[in-house]
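Asks: kindly return the folded structure for what I paste below:
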Amino acid sequence: MRNIFSCLLIFLLLVIYLSLPVIAEDKNAIFTIEDPAADDCGPCYYNYPTDEVFHPYEGLFDIRKMTIIDNNDKYLFKLYFTKVTDPWESKYGFSMPLIELYIDNEKGGCKELFKDGANIKLDPNHPWNRLIKVSGWWVRVFTPRDKNDDMINLTTNAEKFSRNIENCLVEVNENIIIMELEKKLIGDLADSYIYILVGSFDPFGYDHFRGIKETKSLWNFSAEQNINLEYAPRVIDIILPFSRKQQEVLGSFEDEYCQIYPVKVIDKTENIILIRKSIFYIIMVAIFSAIIIINKDEIFKYNG
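Replies: Below you'll find the predicted structure:
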């Protein structure tokens, strides 16, 4: 009877293991990374601006997940937010977030920001080769060579701008900002590193980032703490490697900018294989333990 029970237990555990999902959430998705909810507060103590356009004063800059999908000669980026609103009737259907993706996917690159609007510094081990900059009105792609172009005046919100990517697919679907870019614009993303930054779009702010003030303000974030505003990050939310905490990373400024870190683009199928292997070993240990427990009397009798 016990042997029959042991066989049934093994069969049940194997069925559970084989029923685990192995298909990616999106067809041809090469990468997905998630971010904790309700952390669109910079170093975790910023207050929202108080004007009614920022209602409900939470969630408007809260990126929850990013997925990258391989679409033949294009990449599709899906950026999941807690809430997407469009009080200023933008071109693409979202007014609040300013999104920056610094990509390290070639040898060499630039260790400094394209412009200093974000008030952070990058990991020197991962210089960038492409910058994707997105607002509700335009999508722009820059290279380090563009950094010294004096003709680029980023204090102007020009919908007609030579660096705008025309005919770019950008749309909003249930709080997901979807953007499709040709691969030739940004290069191969396999095994790349990406910095994922979300600020508050300000058409009049330097580099289009909304500023931080000491006291509550209609149009700026506020930090009612004794901090050095000159170096306070204007990044409201960020996706970091799992080993990094947003509060610690964005709060690590005093007399210099805080250093942020990129995430590595690892093929999602590789992650699934690793997860399945780990679960397999756990199940095997569970089966072995269960068999010993079920048959312990016979084992002890035999040993005796």
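
Asks: state the distance from the residue nearest the centre of the chain to Glu214.
Replies: Ranked by distance to the mean C-alpha position of the chain (C-alpha atoms, centre = their mean), the top residue is Ile239 at 3.8 Å. Ile239 sits 28 Å away from Glu214, taking C-beta to C-beta, to the nearest Å as the criterion. C-betas here are computed from N, CA, C, even on glycine.

Asks: ok, how many other residues are close to Ser217?
Replies: Other residues near Ser217 number 17, with proximity taken as other C-beta atoms under 10 Å.

Asks: now for it: which residues touch it?
Replies: 49-50 (C-beta atoms under 8 Å, 6 or more residues apart in numbering).

Asks: go on, Arg234?
Replies: Applying C-beta under 8 Å, 6+ apart, the residues near Arg234 are 42, 117-119, 199-200, 209-212, 221.

Asks: for Thr143, same thing?
Replies: 129-131.

Asks: also Asn129?
Replies: When contacts are counted by C-beta under 8 Å, 6+ apart, Asn129 touches 103-106, 108-110, 143-144, 187.

Asks: let me have the residues you listed in CSV, extended by distance to Gln259.
Replies: Listed next are the contacts of Asn129 as CSV, based on distance: C-beta to C-beta, whole Å:
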residue, distance to Gln259
Ile103, 18
Asp104, 15
Asn105, 20
Glu106, 21
Gly108, 20
Gly109, 16
Cys110, 15
Thr143, 22
Pro144, 19
Gly187, 24
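
Asks: tell me which two in those are the farthest apart.
Replies: Cys110 and Gly187 (14.4 Å; C-beta to C-beta).

Asks: where does pLDDT dip in this structure?
Replies: Along the chain, the parts satisfying pLDDT under 70 run over 1-25, 150-162, 267-304.

Asks: so the closest residue to the residue nearest to the centre of the chain other than its chain neighbours bridges to which residues?
Replies: Computed as C-beta to C-beta, 6 or more residues apart in numbering, the closest residue to Ile239 that is not its neighbour in sequence is Ile196, at 4.0 Å. Note on Ile196: beta-bridge partners by DSSP bridges are Leu101, Ile239.

Asks: okay, Ile196 and Asn226: tell me how far apart.
Replies: For Ile196, the distance to Asn226 - C-beta to C-beta - is 29 Å.

Asks: what do you get for Glu34?
Replies: Distance, Glu34 to Asn226, using C-beta to C-beta: 33 Å.

Asks: of those two, give the one with the bigger neighbour count.
Replies: Between Glu34 and Asn226, counting by other C-beta under 10 Å, Glu34 is the more crowded of the two (13 against 6).

Asks: what is the neighbour count of the nearest residue to that one once chain neighbours are set aside?
Replies: Closest residue to Glu34 apart from its sequence neighbours, by C-beta to C-beta, 6+ apart: Lys65 at 4.6 Å. Using other C-beta under 10 Å, Lys65 has 15 other residues around it.

Asks: try Ile238
Replies: Using other C-beta under 10 Å, Ile238 has 26 other residues around it.

Asks: wait, what's in contact with it?
Replies: Contacts of Ile238 (C-beta under 8 Å, 6+ apart): 35, 196-198, 246, 249-250, 260.

Asks: could you chop this structure up by domain?
Replies: Domain segmentation of the chain under automatic domain parsing yields 2-20+269-303, 35-264.

Asks: most neighbours per residue, which of those?
Replies: Highest mean neighbour count among the domains of the chain (mean count of other C-beta atoms under 10 Å): domain 35-264, with a mean of 17.

Asks: please enumerate the helices of the stretch 51-200 of the chain.
Replies: 183-186 (DSSP state H, counting those that start in this stretch).

Asks: related to what we said a few turns ago, can you redo the contacts of Thr143 as JSON lines, where the extra columns are distance to Ala29?
Replies: Shown next, in JSON lines, are the contacts of Thr143 (distance: C-beta to C-beta, whole Å):
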{"residue": "Asn129", "distance to Ala29": "23"}
{"residue": "Arg130", "distance to Ala29": "20"}
{"residue": "Leu131", "distance to Ala29": "23"}
